[in-house]
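K.L.:
Below is the sequence, then the predicted model.
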Amino acid sequence: MKKYKVNIREIILISGVMLLSIALFFLPAPPRVGTSLGRAVRAKILSVDDSSLTRQGLLLYGSQRLTVALDGKTFRASNELRGQPELDKVFKPGDCAVVILHEGDTPQKSVLTAQEHYRNFWSFTLFAAFCLLLCLFGSFTGVKALFSFLFSCLVIWKLVIPLILRGWPASWLIFGAVVILTAVITFLVAGLTRKGLAAFAGSISGVAAGLLLAHVAGRLMHINGAAQPYVQTLFYSGYEHLDIPDIFIGAMILAGAGAVMDLAMDIAAGVEEVALHNPGLSRRELIRLGIRIGRSVTGTMTTTLLLAYSGGYLTLLMVFSAQGTPVSVFLNSSLVASELVKTLVGSFCLVLVAPLTALISGWIFFRKTPPAGENNSMERA
């Protein structure tokens with residue numbers, strides 16, 4: 001009977017997340033800046049004329065003249081290359097491209113713009129394979145993890161980004177979103193249990209401390225956030241009012257929230273298992289146990305965070321190395337300093353969340369842990 005109640009709670013929780021996800025999906029998009037650029041459609045590249053392209057070193061300049069098939073009709077298209085490898089694309093016959101089609105374009109007169117390679121098919125294929133593997137491996141827990149994954153995407157895309165564009169304070173808005181996402185992910189995966197409560201409380205405590213530290217570090221090191229990609233594009237698109245340093249701080253918190261949640265769940269699960277099998281342990285002993293678990297996991301998690309962040313600016317470090325720039329010099333670069341602050345703040349969050357989660361877990365599981373086999377629900381917490 002108690003197991004049936006737990007299943008009912010999980011079904012209610014999943015249903016609530018589904019309803020929230022549907023509501024987020026149908027939220028109206030923020031007002032678009034500028035006029036419509038046309039409709040993006042898929043087209044097949046039939047032939048390519050590269051006679052107008054010139055190469056200077058490793059860079060290509062000029063225009064590709066394309067012949068594309070669209071809805072059974074043949075159009076001409078162009079692809080401009082400006083010597084920017086991060087933005088330029090080169091098409092070959094047989095490729096699929098995204099082209100911009102305006103109302104009134106005709107095959108005989110119009111020249112379409114080839115915007116990008118068409119990648120949606122393989123993107124959706126990889127996502128479907130990921131969903132299938134997650135559900136097969138994780139069973140019902142995998143299904144719940146998939147719901148939390150989709151919910152997180154919707155919260156970021158349909159709620160956080162539009163509100164930031166409307167001028168809401170980014171760092172505190174993202175912190176509120178992290179609180180919501182942590183609650184949904186933690187309780188979906190762990191259930192409405194004291195383990196979930198301990199992991200949630202520990203995660204939020206660490207993230208809150210990291211948010212305050214990020215504000216202090218950003219001011220002390222004069223981080224203006226302009227090192228983030230496409231900041232100038234945002235300004236030129238009519239969003240001069242945005243507080244870029246605050247957005248950078250929020251991005252730091254969002255980037256490290258997943259690792260913090262993972263560490264908190266590991267510690268809470270470890271303390272729960274020991275408390276279930278050794279109900280006579282004191283609160284101090286449970287806290288010490290949680291700290292020992294946290295020490296083991298924190299060492300690898302901080303290194304994982306360092307590797308993840310450093311991979312994002314590896315080519316920048318290669319430039320400094322190739323130029324023979326001394327370490328003491330490039331550490332003062334705004335680009336390197338921004339990534340350094342991001343890495344250190346994330347690492348601080350991990351180090352802080354371990355003892356905080358251990359302390360919270362010790363208080364939650366002490367004396368109130370039911371015997372093994374009995375339901376561990378929040379009603380008994």
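P.N.:
Structure's in. What do you need?

K.L.:
quick one, helices of the stretch 1-150 of the chain?
P.N.:
2-25, 120-154 (DSSP state H, counting those that start in this stretch).

K.L.:
Out of those, which gets nearest to His215?
P.N.:
Closest approach to His215 among the helices of the stretch 1-150 of the chain (Cβ to Cβ): helix 120-154, 24.0 Å. Placement of C-beta: from N, CA and C, glycine included.

K.L.:
roughly how far is that closest one from the heart of the chain?
P.N.:
15 Å (Cα atoms, centre = their mean, to the nearest Å).

K.L.:
Quick check: can you list the domain ranges of the chain?
P.N.:
39-118, 167-380 (automatic domain parsing).

K.L.:
among the ones you listed, which is nearest Ser21?
P.N.:
That would be domain 167-380 among those, by Cβ to Cβ, at 9.8 Å.

K.L.:
weakest of the helices of the stretch 1-150 of the chain in terms of mean pLDDT?
P.N.:
Of all the helices of the stretch 1-150 of the chain, mean pLDDT reaches its minimum on helix 2-25 (a mean of 74).

K.L.:
And the contacts of that one?
P.N.:
144, 147-148, 150-151, 154-155, 158-159, 184, 187-188, 191-192, 374-375, 377 (Cβ atoms under 8 Å, 6 or more residues apart in numbering).

K.L.:
now stretch 147-154
P.N.:
14, 17-18, 20-21, 24-25, 181, 184-185, 188-189.

K.L.:
Now for these, which sits with the most neighbours around it?
P.N.:
Ile185 (26 neighbours; other Cβ atoms under 10 Å).

K.L.:
Test my guess that that one contacts Met261.
P.N.:
Yes - Ile185 lies in contact with Met261 (Cβ atoms under 8 Å); the separation is 6.5 Å.

K.L.:
related to what we said a few turns ago, make a markdown table from the contacts of stretch 147-154 and add distance to Arg42 to it.
P.N.:
Listed next are the contacts of stretch 147-154 as a markdown table, based on distance: Cβ to Cβ, whole Å:
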| residue | distance to Arg42 |
| --- | --- |
| Ile14 | 35 |
| Val17 | 33 |
| Met18 | 31 |
| Leu20 | 32 |
| Ser21 | 27 |
| Leu24 | 27 |
| Phe25 | 23 |
| Leu181 | 33 |
| Val184 | 35 |
| Ile185 | 34 |
| Leu188 | 35 |
| Val189 | 37 |
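
K.L.:
Out of the residues you listed, which two sit at the greatest distance?
P.N.:
Phe25 and Val189 (22.1 Å).

K.L.:
Show me the shaky parts of this structure.
P.N.:
1-7, 30-37, 367-381 (pLDDT under 70).

K.L.:
please redo it, this time with the cut-off set to 50
P.N.:
1-6, 368-381 (pLDDT under 50).

K.L.:
Present the helices of the stretch 1-150 of the chain as TSV; the columns should include distance to Phe248.
P.N.:
Conversion of these to TSV gives the following (distance: least, Cβ to Cβ, whole Å):
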stretch	distance to Phe248
helix 2-25	25
helix 120-154	20
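
K.L.:
so which of those helices comes closest to Ile45?
P.N.:
Using Cβ to Cβ, these put helix 120-154 closest to Ile45, at 15.0 Å.

K.L.:
Can you list the buried residues in that closest one?
P.N.:
134-135, 142, 144-148, 150-152, 154 (16 or more other Cβ atoms under 10 Å).

K.L.:
so the residue most central in space within the chain is in which element?
P.N.:
Of all residues in the chain, the one closest to the mean position by Cα atoms, centre = their mean is Ala255, 6.2 Å from it. Counting by DSSP states H and E, the element that carries Ala255 is helix 244-277.

K.L.:
angle of whichever helix or strand comes after that helix against helix 244-277?
P.N.:
Heading C-terminal from helix 244-277, the first helix or strand you meet, by DSSP H and E, is helix 283-312. Interaxial angle, helix 283-312 versus helix 244-277 (axes from the mean of the first three to the mean of the last three Cα atoms, to 10 degrees): 140 degrees.

K.L.:
after helix 283-312, next one along is what?
P.N.:
helix 314-322.

K.L.:
buried ones in that following helix?
P.N.:
Of the residues in helix 314-322, those buried (16+ other Cβ under 10 Å) are 316, 320.

K.L.:
what does stretch 241-249 give?
P.N.:
Those would be 242-249, for stretch 241-249 by 16+ other Cβ under 10 Å.

K.L.:
now those as TSV including distance to Thr357?
P.N.:
Shown next, in TSV, are the buried residues of stretch 241-249 (distance: Cβ to Cβ, whole Å):
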residue	distance to Thr357
Leu242	34
Asp243	31
Ile244	33
Pro245	30
Asp246	28
Ile247	28
Phe248	27
Ile249	23
